[in-house]
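Undergrad: Have a look at this prediction, sequence included:
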Amino acid sequence: MTRIPLHREWHGDEDSPHPPLLLLHGGGSTIESNWGMLLPLLERTRSVLAVELQGHGRTASGDREPSFEASADDVAAVLEELHLGPVDVLGFSNGGQVALQLAARHPDRVRKLVLASAPLRRDAMVDGFWAGLEAGRFEDLPAVYAQADFAVSRDPGHAERMFELDRRLMLGFQDFPDELVASVAAPTLVVGADRDVVRSAHFVEVAGLLPDARLLIVPGTHGDYLGELLAAAGDDAALRAFLPHLIAFLDA
């Protein structure tokens, strides 16, 4: 399968005694729009590697059909190129789906795993999600995402290609087999919000399938606890409440 070279950035303390932390963004996002509020808080004490997945930000779309498996292999190729592993991995939403595939397909590359608001089955989504996605058009993409994408891609058509790529990815999404989830040996923190677009019960089910998992349900919405651009809208209260839980899990 064709590999897509991913844009990657290092942030933080390169001499940190902690393992590097890899960040995998959600759909429609860039490093800045997903992690712009979190990075300054993390980089004080650890080394952070952020990438942009197929067709997002500064990474080319390529001519390959999108899939979580292929993106996981793209990420593994970055880690191999940088001679990294095992690393800690935080994946949000679609990035969480990629992170789970990374841990299953390349277990030697993942030390600890954080699945943040990541649906692993189609019935995990709240009522109306799939109908909205089926009917969705580029004009429905929140302007902040299109603006964030243009700020780094400098290509007026890039955001629309990204939107279509993500839409195809999710419309083609198949349930992750229970056996695949159960094969992930890395200690995992399953995180979700009580007003997420993913049902809270799904986070409980995923944590139950994983051999070594902790579960955390936080008050909030899809990504506000990570400082995600649209969800947090500049308010870092939820992020600062969540951060000690993240650090405690990674450092335990």
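TA: Great, that's in hand.

Undergrad: Would you mind measuring the gap between the ends of stretch 175-191?
TA: Stretch 175-191 has its terminal residues 19 Å apart, counting by C-alpha to C-alpha, to the nearest Å.

Undergrad: Next, the buried residues of it.
TA: Buried residues in stretch 175-191, defined by neighbour count with 16 or more other C-beta atoms under 10 Å: 176, 180-181, 184, 186-191. (Each C-beta comes from the backbone N, C-alpha and C, glycine too.)

Undergrad: which one of those is nearest residue 250?
TA: residue 189 (8.5 Å; C-beta to C-beta).

Undergrad: Doesn't that closest one belong to a strand?
TA: Yes: assignment of residue 189 by DSSP: H, G, I helix; E, B strand; the rest coil places it within a strand.

Undergrad: so it sits right up against residue 217, yeah?
TA: No: counting by C-beta atoms under 8 Å, residue 217 is not a contact partner of residue 189; they are 11.6 Å apart.

Undergrad: could I get the helix or strand hosting residue 22 in CSV with only the CA atoms?
TA: Under DSSP states H and E, the secondary-structure element containing residue 22 is strand 21-24. Taking Å, rounded to 0.1, in the frame of the first residue of the first chain, the C-alpha atoms of strand 21-24 are listed here in CSV:
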residue,chain,number,x,y,z
LEU,A,21,4.1,11.9,23.4
LEU,A,22,2.6,11.5,19.9
LEU,A,23,-0.5,13.5,19.1
LEU,A,24,-3.0,12.4,16.4
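
Undergrad: where exactly do the helices run in the stretch 101-250 of the chain?
TA: 129-135, 143-153, 158-171, 178-182, 200-209, 229-232, 237-251 (DSSP state H, counting those that start in this stretch).

Undergrad: Distance from stretch 48-63 to the middle of the chain?
TA: In terms of C-alpha atoms, centre = their mean, to the nearest Å, the centre of stretch 48-63 is found 12 Å from the chain centre.

Undergrad: I meant stretch 213-223, not that one.
TA: 14 Å.

Undergrad: Rounded mean pLDDT for it, please.
TA: The average of the pLDDT scores along stretch 213-223 is 98.

Undergrad: Need the residues that contact that stretch.
TA: Outside of stretch 213-223, the residues within contact range by C-beta atoms under 8 Å, 6 or more residues apart in numbering are 26, 34, 92-93, 116-117, 187-198, 200, 203-204, 206-207, 225, 228, 230-232, 238, 241-242, 245, 249.

Undergrad: do the same with stretch 229-245
TA: The contact list for stretch 229-245 (C-beta under 8 Å, 6+ apart) reads 29, 32-34, 36-38, 41, 142, 144-145, 148, 189, 191, 216, 218-227.

Undergrad: Point out the ones among those that are inside strands.
TA: 189, 191, 216, 218 (DSSP state E).

Undergrad: quick one, which of the helices of the stretch 101-250 of the chain is packed in tightest?
TA: helix 229-232 (a mean of 21; mean count of other C-beta atoms under 10 Å).

Undergrad: so what pLDDT did residue 2 get?
TA: Reported pLDDT for residue 2: 88.

Undergrad: I figured it was touching residue 65, is that so?
TA: No: between residue 2 and residue 65 there is no contact under C-beta under 8 Å: 10.3 Å.
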